[in-house]
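what shape does this take:
(one chain, ligands or ions: 1)
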Amino acid sequence: MPGVPPAQYGYFGPAGTFTHQALMTLPALHGEAIPFASVGQGLQAVRDGEVTAVLVPIENSVEGGVTATLDNLAYGDPLVITREVLLPVQFTLFARPGTALRDVRQVLTHPHAAAQCRDWLAAHLPGALVTEGGSTAAAAAEVADPASRYDAAVCARVAGEMYRLTPLAEGIADNAEAVTRFVLVSRPGPVAPPTGADKTTLVLFLREDHPGALLEILEQFASRGVNLCRIESRPTKRTLGDYCFSVDAEGHLDDARLAEALMGLHRVCADVVFLGSYPRADQQRPVIRVGTTNDDYAAAASWLRRLHG
Ligand SMILES: O=C(O)C(=O)Cc1ccccc1
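Below is the predicted model:
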């Protein structure tokens, strides 16, 4: 179409990262894929309008939350999640051609990859120093340089092949079932309509520390029949012991039970950051409890109006 610039999608790169592979599973995103060396740089490029959206890792089934992503979304200028992608991750140890496993003294990889292969590395390379760097693919690129001090990288098979490295050991994750969750992040805009299997991400700041403060937050969800699929505390970075809560709730902003829970949270919290309602990657629909459908809420509201006579 003349005059309309093609969309540009950023991802946590370089080429060959797990995030890059996750982006490839979204063929509906037509546009140029642009790598960013850090989550922060990618998210800033969205804020600055350099790219339409960026794909970043947010959570791993073994290692937990990706704090660089959670904190940037919680404390940076407003952004929203519009999609999520789940990717099973498998790790391979790659070295420069000619290097044998017994020659490996220094290993470079991403912190989440190091954490997920910790037992294997301790058992098979007990004397090796494991250094955590930018990304798994950046580690592969570094190891490919003959002048590098690193002998091996833990990365995806595609990354090792891309940089013409030699696989020394495949499937080295301590948990073969590990899955990483990635989110596509855009500037705030109209929320896409519900699909019936949606998630809403929020960051909740307590008004003041008091007994039952967390219970008060949880009650807003529980009393409206809203299930949570993730909750974790993150330091507010103001003072030691001061936390906010990063939450994924089942449902969409257009679901009356979730909207009512949000209004309740707005009353009891100092701040509620809305990070988007988007379709669940697993398409799992919520169990809807009796009395919590949109029709139930509408009927309750019209009953209340009728009380005026
Ligand atoms: O470094 C990468 O390849 C990433 O995309 C981040 C990451 C690292 C380990 C597991 C999943 C995602």
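
return the residues of the stretch 1-150 of the chain in contact with the ligand.
Applying Cβ under 6 Å from any ligand atom, we find that the stretch 1-150 of the chain lies next to the ligand at 12, 17-19, 57, 60, 89, 110, 112-113, 135-137. C-beta here means a position set from N, CA and C on the backbone, and glycine is covered the same way.

in strands, which of those appear?
Here DSSP state E is the test, and those give Phe12, Pro57, Asn60 as lying in strands.

list the contacts of the second one.
In other words, Pro57. Shown in contact with Pro57 (Cβ atoms under 8 Å, 6 or more residues apart in numbering): Phe12, Phe18, Thr19, Ala22, Val39, Val66, Thr69, His112, Thr180, Arg181, Phe182.

in helices, which of those residues fall?
Among the contacts of Pro57, DSSP state H puts Phe18, Thr19, Ala22, Val39, Thr69, His112 in helices.

how is this protein carved up into domains?
Per the record, the chain has its domains at 1-89+180-188, 92-169, 190-309, by automatic domain parsing.

turn these into JSON lines, columns for mean pLDDT.
Compiled in JSON lines, the domains of the chain are given as follows (pLDDT from 0 to 100):
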{"stretch": "domain 1-89+180-188", "mean pLDDT": "93"}
{"stretch": "domain 92-169", "mean pLDDT": "97"}
{"stretch": "domain 190-309", "mean pLDDT": "96"}
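
select the longest strand from this structure.
Across the chain, the longest stretch assigned as strand under DSSP E is strand 269-279.

can I assume Ala256 is in contact with Ala300?
No - in this structure Ala256 lies outside contact range of Ala300 using Cβ atoms under 8 Å: 9.1 Å.

who's more crowded, those two?
Neighbours were counted for Ala256 and for Ala300 using other Cβ atoms under 10 Å; Ala256 has more, 18 against 12.

check contacts around the closest residue to the ligand within the stretch 151-300 of the chain.
Nearest residue of the stretch 151-300 of the chain to the ligand, counting by Cβ to the nearest ligand atom: Thr180, 4.0 Å away. Residues near Thr180 by Cβ under 8 Å, 6+ apart: Phe18, Ala22, Pro57, Glu59, Asn60, Ser61, Leu86, Leu87, Val89, His112.

quick one: buried ones out of the residues you listed?
Buried members of the contacts of Thr180, counted by 16 or more other Cβ atoms under 10 Å: Phe18, Ala22, Pro57, Glu59, Asn60, Leu87, Val89, His112.

with respect to Leu218, which of those residues is nearest?
Of all the buried ones among the contacts of Thr180, Leu218 sits closest to Glu59, with 19.9 Å by Cβ to Cβ.

spatially central residue in this protein, please.
When Cα atoms, centre = their mean is applied to the chain, the residue found nearest the centroid is Ile58 (1.7 Å).

that one touches Gly65, doesn't it?
Yes - proximity of Ile58 to Gly65 meets the contact threshold set by Cβ under 8 Å, at 7.0 Å.

circling back: and the furthest pair within the contacts of Thr180?
Greatest spacing in the contacts of Thr180, by Cβ to Cβ: Leu86 and His112 (14.9 Å).

show me where the stretch 101-250 of the chain has its strands.
106-109, 129-132, 152-155, 166-170, 179-186, 198-206, 228-235, 243-250 (DSSP state E, counting those that start in this stretch).

closest one to Pro6 among the ones you listed?
Ranking those by proximity to Pro6 (Cβ to Cβ) places strand 179-186 first, at 16.0 Å.

can you give me the buried ones in that closest one?
Thr180, Arg181, Phe182, Val183, Leu184, Val185, Ser186.

quick check: the third one touching Met24?
In other words, Phe182. No - using Cβ under 8 Å, Phe182 is not in contact with Met24, being 11.3 Å away.

which of the ones in strands among the residues of the stretch 1-150 of the chain next to the ligand sits closest to Pro97?
Of all these, Phe12 has the smallest distance to Pro97: 27.6 Å, by Cβ to Cβ.

could I get the contacting residues of the closest residue to the closest one other than its chain neighbours?
Leaving aside its sequence neighbours, Phe12 sits nearest to Thr19 (Cβ to Cβ, 6 or more residues apart in numbering; 4.0 Å). The contact partners of Thr19, by Cβ under 8 Å, 6+ apart, come to Tyr11, Phe12, Gly13, Leu55, Val56, Pro57, Ser135, Phe182.
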